[in-house]
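Test case, fold it:
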Amino acid sequence: MRFGGLTAVDDVSFSVGGKDITALIGPNGAGKTTVFNCITGFYKPTEGMLTLDASDGEPFYLERLSDYEINADARVARTFQNIRLFPGMTVLENLMVAQHNELSRASGYSFGAIFGLGQFGRAQEEAIDLAKSWLDRIGLLRRADEAAGGLPYGDQRRLEIARAMCTRPRLLCLDEPAAGLNARESDALNALLNSIREEDGTAIFLIEHDMSVVMRISDHVIVLDYGKKIADGTSTEVRTDPHVIGAYLGVSDEDAAALEAGR
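Residues are numbered from 1 along each chain as shown. This next block holds a predicted model:
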């Protein structure tokens, strides 16, 4: 991905397993968010391919799709580093908004809702049931009618993930989901992500700076530095990789030359 004369992501290639938790890590400015923006359609990569395999049909080539199609058709969902809930809406309404595509189709794009057609009524009941089931899973069912903006920070984080899951994604992309969480909240996040992987069979791809979270839950870790991939493997392999240690801690010019020679 190039921006004028700046190459933000340079010849990066990796795979995300269908039922894995994959972490993308690296120092600030390494190109992590640019990769996410290419996958989710905010950017169109300058060159290269992004292929999402679908067990129920032909693969999706994400670089050819709009951001709407990536979410609605390829079923890729995303959260952001800065929480983007609708704070004035209720907790339940935030999860209903995530299902607007399904509800719009069921309503015949308004006519079914206006005239009270049965198909829309059933779809609305199913949407409410799905929303409530996710609120139950994240421990917020009793607060369903409260404003989302009044929730504690950790609860808002989990609500944002639940909202993404209400789109029934194949791939869930999380941008620093543990940012700002205390130890107890991080444990709750880890449990939620593991349950999504195990119970829902959703692939999870996350950017994260909290190494305690990355090393505890990730099946696969990819490391970027200055837009290039410098490591790719299990958390144990990545943790002991000298290129990764050098990227995070810094190395002398002599050590950097030695590392480069050993690539």
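
Stretch 222-231: which residues count as buried?
222-225, 227, 229-231 (16 or more other Cβ atoms under 10 Å). For the C-beta atoms, the positions are set from N, CA and C on the backbone; glycine is no exception.

Need the contact partners of it.
The contact list for stretch 222-231, computed with Cβ atoms under 8 Å, 6 or more residues apart in numbering, reads 7-14, 22-27, 29-32, 34-35, 221, 232, 237-238, 241, 243-244, 247.

So which of the residues you listed belong to helices?
Secondary structure defined by DSSP state H assigns 32, 34-35, 237-238, 243-244, 247 of the contacts of stretch 222-231 to helices.

and of those, the nearest to Thr79?
Nearest to Thr79, judged by Cβ to Cβ, of those is Lys32 at 14.1 Å.

Report pLDDT for that closest one.
Looking at Lys32, its pLDDT is 95.

for Asp67, what are its contacts?
Contact analysis of Asp67 by Cβ under 8 Å, 6+ apart lists 40-42.

ok, back up a step: widest-spaced pair of the ones in helices among the contacts of stretch 222-231?
Thr34 and Glu237 (24.4 Å).

which of these two has more neighbours?
When Thr34 and Glu237 are compared for neighbours, Thr34 comes out ahead with 20 against 13, by other Cβ atoms under 10 Å.

separation between that one and Ala8?
5 Å (Cβ to Cβ, to the nearest Å).

can you give me the helices for the stretch 51-200 of the chain?
In the stretch 51-200 of the chain, the helices defined using DSSP state H, counting those that start in this stretch lie at 67-72, 91-97, 100-106, 111-115, 118-137, 153-165, 183-200.

so which of these comes closest to Thr79?
With Cβ to Cβ as the measure, helix 153-165 is the member of these nearest Thr79 (5.0 Å).

now that closest one, how far from the centre of its chain.
Distance of helix 153-165 from the chain centroid (Cα atoms, centre = their mean, to the nearest Å) equals 12 Å.

Quick check, central residue of this structure?
Residue closest to the mean C-alpha point of the chain, counted by Cα atoms, centre = their mean, is Cys173 at 1.4 Å.

Read off the pLDDT value for that one.
On pLDDT, Cys173 comes in at 97.

cool, and Ala77?
Ala77 is assigned a pLDDT of 96 by the prediction.

same deal with Phe86?
95.

What of Gly116?
In this model, Gly116 is scored at 52, pLDDT.

Just give the nearest non-adjacent residue to the residue nearest to the centre of the chain, would you?
In space, and not counting its chain neighbours, Cys173 is closest to Arg78: 4.4 Å by Cβ to Cβ, 6 or more residues apart in numbering.

Verify the stated contact: the one you found with Phe36.
Yes - Arg78 is within contact range of Phe36, at 7.1 Å (criterion: Cβ atoms under 8 Å).

Okay, now the unreliable bits of the stretch 1-150 of the chain?
Low-confidence segments of the stretch 1-150 of the chain, defined by pLDDT under 70: 103-120.

cutoff 90 now
The stretch 1-150 of the chain contains residues with pLDDT under 90 at 18-19, 54-57, 81-82, 99-125.
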